[in-house]
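In: prediction below, plus the sequence it came from.
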Amino acid sequence: MEVLHRLDGFQRRHHWVGMPLGVVYKFADDQGMYLAALIAYYGFLSLFPLLLLLVSTLAGLLQNDPAFRQQVLNSALGKFPVLGDQLRENIHSFHRNGLALAAGVVGSLYGGLGVAQAVQHALNKIWAVPRHARPNPLLSRLRGLVFIGLLVLGLLATTGLSVGVSSAQSLGLRVGDGPRVGAALAVVLLNAALLVLTVRLLTRADVGLRCLWGPAVGGACAWQGLQWGGAYYVRHFLNGAGATYGMFGIVLGLLAWLYLGALVFVLTVETASVRARRLWPRSLLTPFTDDVRLSHADRRAYWSYAVAESFKGFQKITVEFHGKPFPERNRPGGETTAPPGPGGARGVAPGERG
């Protein structure tokens, strides 16, 4: 036990250890694995019809320029390395197919709204938004449509960057490493901006920009790495595979890729939440036993979890912690109340009682 107490004191005193641990504990408290699984499930339902809609639309709009159409499709489908190759190879099977276009519209809207609902639920849970302050079903779906529009604009913008670089190569211009690196950095910044806009749009809480940009850039870099990893997986593990094995590999690879992407998103938002609300350092043994002296970050976190479950604005949540908190250095004195949640939700502060 002496070793554990020493480790606990060490991580409380050092930011570079205490904050990542706080993110991990907040991720576990919010059941982040299940939040990511829900996003990945609806993402799986929406991704194929959305790409089908994209391919069908581009095939109709660019039918007079087959070379440019193929170039745009290669760039757009390259963002989805596990499924994009299959659509690229079978594009002629649904070229100018009105039924495919209609199925793409209906399926992408249904799945896309499901993704938007799952993302809103995850964001409101992570930011501890009380249930009564969350958008009603109609408003949440209207926000979901705006979210789908953001995704489409982001895909078009990143595709435009890729097409610009590849067009310069096709015209015989020498494109060195500099423009390629610049395009990759631009894509990362666009994805980071898209993530920031998503959090600001779909979260009912008041989220500041300063706490978002750092985690958003890190999450965008991780997302770019996932895209490269998915392309590597397709080239080295699915290339030349048999029909049955290849289909299972595509489905399992796509699910794994979507789940990892959802994990990156959830962890990014968790990091921003921990930074914004100073939810560290946490007590090392908090998840494992009740025989522990909670830190003030523990008390703020557990208070927010309770208030987030209030269903009515006039509902009063009382939270009591018996026992003394763990002493912390440089902590402002007199903090015995917690701020009201969105919509005016209040609870009795995490004070020291008993």
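Out: Yep, it's here. Every value quoted in this text rests on a predicted model; they were computed, and no experiment measured them.

In: can you tell me the element Leu197 falls in?
Out: helix 177-202 (DSSP states H and E).

In: next: Gly253.
Out: Judged by DSSP H and E, Gly253 forms part of helix 243-277.

In: after that helix, next one along is what?
Out: Under the assignment DSSP H and E, the closest C-terminal helix or strand after helix 243-277 is helix 296-307.

In: by contact count, what packs against that following helix?
Out: Applying 3 or more Cβ pairs under 8 Å, 6 or more residues apart in numbering; DSSP states H and E, we find helix 296-307 packed against helix 15-29, strand 347-348. Using the backbone N, CA and C atoms, a C-beta is placed for each residue, glycine as well.

In: where among these is average confidence lowest?
Out: For these, mean pLDDT drops lowest on strand 347-348, to a mean of 48.

In: so what's the residue count around Val251?
Out: For Val251, the neighbour count with other Cβ atoms under 10 Å is 13.

In: returning to that earlier point: what comes up buried for the helix holding Leu197?
Out: Applying a neighbour-count criterion of 16 or more other Cβ atoms under 10 Å, one finds 183-184, 187-188, 190-199, 201-202 buried in helix 177-202.

In: same deal with stretch 22-31?
Out: 22-27, 29-30.

In: and if you look at stretch 270-285?
Out: So for stretch 270-285, counting by 16+ other Cβ under 10 Å, buried means 270-277, 279-285.

In: and which of those residues is nearest Leu263?
Out: Nearest to Leu263, judged by Cβ to Cβ, of the buried residues of stretch 270-285 is Glu270 at 10.3 Å.

In: which residues sit in contact with that closest one?
Out: Counting by Cβ atoms under 8 Å, 6 or more residues apart in numbering, Glu270 touches 23, 26-27, 30, 32, 126.

In: now with 10 Å?
Out: 22-30, 32, 35, 122, 126-127, 215, 279 (Cβ atoms under 10 Å, 6 or more residues apart in numbering).

In: state the pLDDT value of it.
Out: For Glu270, the model assigns a pLDDT of 97.

In: let's number from 46 now, not from 1
Out: Sounds good: first residue 46 from here, last item Glu315.

In: quick one: it from Arg327, how far?
Out: Using Cβ to Cβ, to the nearest Å, one gets 13 Å for the distance from Glu315 to Arg327.

In: now the common contact residues for these two.
Out: Here Glu315 and Arg327 share the contacting residues 67-71, 74, scored by Cβ under 10 Å, 6+ apart.
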